[in-house]
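J.: Structure for this input, please:
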Amino acid sequence: MDLEKAIMEKAVAYRDYTAANLSELVKLKSLSCEEGAVMAELKRQMEEAGFDDVRIDPLGNVIGRIGSGKKVLAIDAHMDTVDVGNLDNWDFPPFCGDVKDGYVFGRGTVDQEGGAAAFVTAGRILKELNFDKDLTVYFVGSVMEEDCDGLCWKYIIEEDDIKPDFVISTEPTNLNIYRGHRGRMEIHVTFRGISSHGSAPERGRNAIYAASRAALEIEKLNERLAVDEFLGKGSITISEIVSGSPSLCAVADYARLHLDRRLTWGETKESAVAEIEALVKDMDAVVEVLNYSEQAYTGLTYSMEKYYPTWKIAADHPAVVVGVKTYEALFQAAPKVDKWTFSTNGVAINGMYGIPCIGFGPGNEVLAHAPNEKIPIEDLVKASAFYALYAYNI
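T.: Model (predicted):
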């Protein structure tokens, strides 16, 4: 029996097992910094599947290992989810984990605990096939991605001292192969004014007016940002404006814009900051890139600047070529090779550390952060097979 057929048959045989594992993960609400329960369950599932070693690092990432070769492959799935939003928009309880009609239902099925359930099955398949390649495979359930993408991998690389040769992100790709996405950064622009009584505004300097003028210029800036043939256009939007004054009968002496900046290829933190500084140079304003510093569920506080670099790897990179070969061998079709719209842990894996990274994940990214999130069980089966065969092929 050839390897591809053996792997696919096992993935199909474990269809219900994979779906049931995902159901158990979904039932455990796991917002960023609150992933303790879901991490304990993922660890249990890895141990049950026969992984060689499973541990939880000080930040709370679950790291399972199979093999002990010199070359290292890591497969990543972040285990935190966003909240559910307005419950009136849901047709079922968000944490039900129901398995029916060919789907698993609930928050996190697509984004992105489905990837973890699939790689647990992939690990079980590798163990049953007596995987003996000169390769170490780490299966990583990572934390805090929704709050700060890449923070978990910054910790894994710098503190756990794990630096893979290749990484697969299991973020949803609709079973396509992805090789990059735009970067992003979060920027505050703070405007200082001078308060005066609201009955005599001419005596003061209104910070809201300055912020408003800047906002209109930022709207224009969005239209002229750079475009990359593969990643598309850079973008900028204002996601929040706040202001302050001594009273509601006074001129505002403070205003702040929160900017969501998406960076295409060739755009950098420095170039993005310089663009904003040029727009507000005569407005008594300060431009700053924000910093993330929060306590993980383990109690450890870890920090990172909220600059998430743009990344992409070439279509003919070995990591992509092996992905295409793996897909074609399993499914007898050519995969679509594309990119994510949103941001992932790839900003650290490849953007900061230059580690070759591809995306292959079950589920459709349009359901990420959306109500009525659900994932086809068939996607979980195919992803399980892909991860197992990729380990052999890489």
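
J.: Can you report how many residues lie near G180?
T.: G180: 24 surrounding residues under other C-beta atoms under 10 Å. Glycine gets a C-beta too; all of them are placed from N, C-alpha and C.

J.: Now do the same contact list for it.
T.: Going by C-beta atoms under 8 Å, 6 or more residues apart in numbering, G180 touches 230-231, 310-313, 339-340, 346, 350.

J.: now swap in P309 and tell me
T.: By C-beta under 8 Å, 6+ apart, P309 lies in contact with 183, 263, 269, 347, 351-352.

J.: rerun at 6 Å
T.: P309 is in contact with 183, 347, 351-352, counting by C-beta atoms under 6 Å, 6 or more residues apart in numbering.

J.: Next: G108.
T.: So G108 contacts 26, 81 (C-beta under 6 Å, 6+ apart).

J.: one more time with 10 Å, if that's ok
T.: Going by C-beta atoms under 10 Å, 6 or more residues apart in numbering, G108 touches 22, 25-30, 38, 78-82, 94-95, 97, 114, 116, 368, 373, 375.

J.: Please report the distance of H181 from P201.
T.: Going from H181 to P201 by C-beta to C-beta, to the nearest Å gives 46 Å.

J.: if you count what's nearby, which of these two comes out ahead?
T.: Each of H181 and P201 has its neighbours counted (other C-beta under 10 Å); H181 has more, 29 against 15.

J.: Could you list everything the more buried one pairs with in the sheet?
T.: W311 (DSSP bridges).

J.: hey, where'd the helices end up in the stretch 201-350 of the chain?
T.: With helices called from DSSP state H, counting those that start in this stretch, the stretch 201-350 of the chain shows them at 207-223, 269-279, 318-331, 346-349.

J.: tell me the angle the longest one makes with helix 269-279.
T.: Right, helix 207-223. For helix 207-223 against helix 269-279, the angle by axes from the mean of the first three to the mean of the last three C-alpha atoms, to 10 degrees is 130 degrees.

J.: out of the helices of the stretch 201-350 of the chain, nearest to G141?
T.: Closest approach to G141 among the helices of the stretch 201-350 of the chain (C-beta to C-beta): helix 346-349, 15.1 Å.

J.: Check which helices and strands that closest one sits against.
T.: In terms of contacts (3 or more C-beta pairs under 10 Å, 6 or more residues apart in numbering; DSSP states H and E), helix 346-349 is packed against strand 71-78, helix 151-158, strand 166-169, strand 180-181, strand 183-192, strand 307-308, strand 311-312, strand 357-359.

J.: Return the distance of stretch 326-346 from the chain's centre.
T.: 16 Å (C-alpha atoms, centre = their mean, to the nearest Å).

J.: returning to that earlier point: among the contacts of G180, which one is most surrounded by other residues?
T.: Counting neighbours by other C-beta under 10 Å, G346 comes out on top of these with 32 neighbours.

J.: As a markdown table, the helices and strands packed on helix 346-349 with mean pLDDT would be great.
T.: Putting the helices and strands packed on helix 346-349 into a markdown table (pLDDT from 0 to 100) gives the following:
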| stretch | mean pLDDT |
| --- | --- |
| strand 71-78 | 98 |
| helix 151-158 | 98 |
| strand 166-169 | 98 |
| strand 180-181 | 98 |
| strand 183-192 | 98 |
| strand 307-308 | 98 |
| strand 311-312 | 98 |
| strand 357-359 | 98 |
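
J.: could I get those as JSON lines with distance to I394?
T.: Output for the helices and strands packed on helix 346-349, formatted as JSON lines (distance: least, C-beta to C-beta, whole Å):
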{"stretch": "strand 71-78", "distance to I394": "6"}
{"stretch": "helix 151-158", "distance to I394": "19"}
{"stretch": "strand 166-169", "distance to I394": "6"}
{"stretch": "strand 180-181", "distance to I394": "19"}
{"stretch": "strand 183-192", "distance to I394": "26"}
{"stretch": "strand 307-308", "distance to I394": "26"}
{"stretch": "strand 311-312", "distance to I394": "19"}
{"stretch": "strand 357-359", "distance to I394": "10"}
